[in-house]
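# Output the structure for:
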Amino acid sequence: MKKLIAAASALLFSYTASAQEVTQHEVKWNIANTIIFASFEFGYEYFIDGHQSVGADIMINDVYNFSINRSVKDFDTHSFQLSYNYYTSSLENASGLVISPLIKFRTGEYQKSEDTPVVDMSSFILGIGGGYKWNLNDKFVFGPFVNIGRNFSDEVNDEFNIAVEFNAGFIVGYRF
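Alright, predicted model coming up:
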């Protein structure tokens, strides 16, 4: 009987200890761009501590620079982005103002009309982002963000007459 009580106590203690661990993972979705542009941006963050994380985002139907007055349907592009995120809040829960240096890789093509040539949208982008993130009960997160980056593809820069890219949105996410 003593062994059964000891085993039950050990099991309960290990469950309680694991329930108090710091949240280390977050999945997020840019709901704003899905609604506005029909693009799907999904991301993951791994928390190093209460102020730092590394992230990876996948953008399906990535619209270049909010398409600069061009039709979204003319783009067939996808992107992958890596970032380091630093949260400036005095709380240890990765919330508040966030600053994010980032690297983005894009692949795909763009064609304005059937009469125009296809533009190879393969690009390397280096930039920085910022935003604000609210954290509810260390489970649900949401907030706005904006990114600005330098595109290093001459073909893309020539087509759109600008080497600077902007991206913004509103994320909703879940931490576990």
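# Now do the contacts for Ile103.
Counting by C-beta atoms under 8 Å, 6 or more residues apart in numbering, Ile103 makes contact with 81-83, 124-126. Yep, even glycine has a C-beta here, placed from its N, CA and C like the rest.
# what's the farthest-apart pair in those?
Greatest spatial distance among those (C-beta to C-beta): Ser83 and Phe124, at 14.7 Å.
# quick revisit: and which of the contacts of Ile103 is nearest Gly55?
Checking the contacts of Ile103 against Gly55 with C-beta to C-beta, the nearest one is Ser83 at 4.5 Å.
# which SS state does that closest one fall under?
State at Ser83, reduced to three classes by DSSP: H, G, I helix; E, B strand; the rest coil: strand.
# what about it, how many neighbours?
Applying other C-beta atoms under 10 Å, we find 21 residues neighbouring Ser83.
# Show me the helices in this protein, by range?
For the chain, helices defined by DSSP state H occupy the ranges 2-19, 31-37, 154-160.
# Would you single out the least confident of the ones you listed?
Lowest mean pLDDT within these: helix 2-19, at a mean of 53.
# Ala168 versus the closest residue in space to Asn135 that isn't next to it in sequence, what's the distance?
With sequence-adjacent residues excluded and distances taken as C-beta to C-beta, 6 or more residues apart in numbering, Asn135 is closest to Ser95, at 3.8 Å. Computed as C-beta to C-beta, to the nearest Å, the Ser95 to Ala168 distance reads 19 Å.
# higher neighbour count, those two?
Each of Ser95 and Ala168 has its neighbours counted (other C-beta under 10 Å); Ser95 has more, 20 against 15.
# That one reaches Val141, doesn't it?
Yes. Ser95 is within contact range of Val141, at 7.3 Å (criterion: C-beta atoms under 8 Å).
# residues shared between the contacts of these two?
With C-beta under 8 Å, 6+ apart as the test, Ser95 and Val141 both reach 133-135.
# Identify the residue nearest Ile171 in space, chain neighbours excluded?
Leaving aside its chain neighbours, Ile171 sits nearest to Lys28 (4.6 Å; criterion: C-beta to C-beta, 6+ apart).
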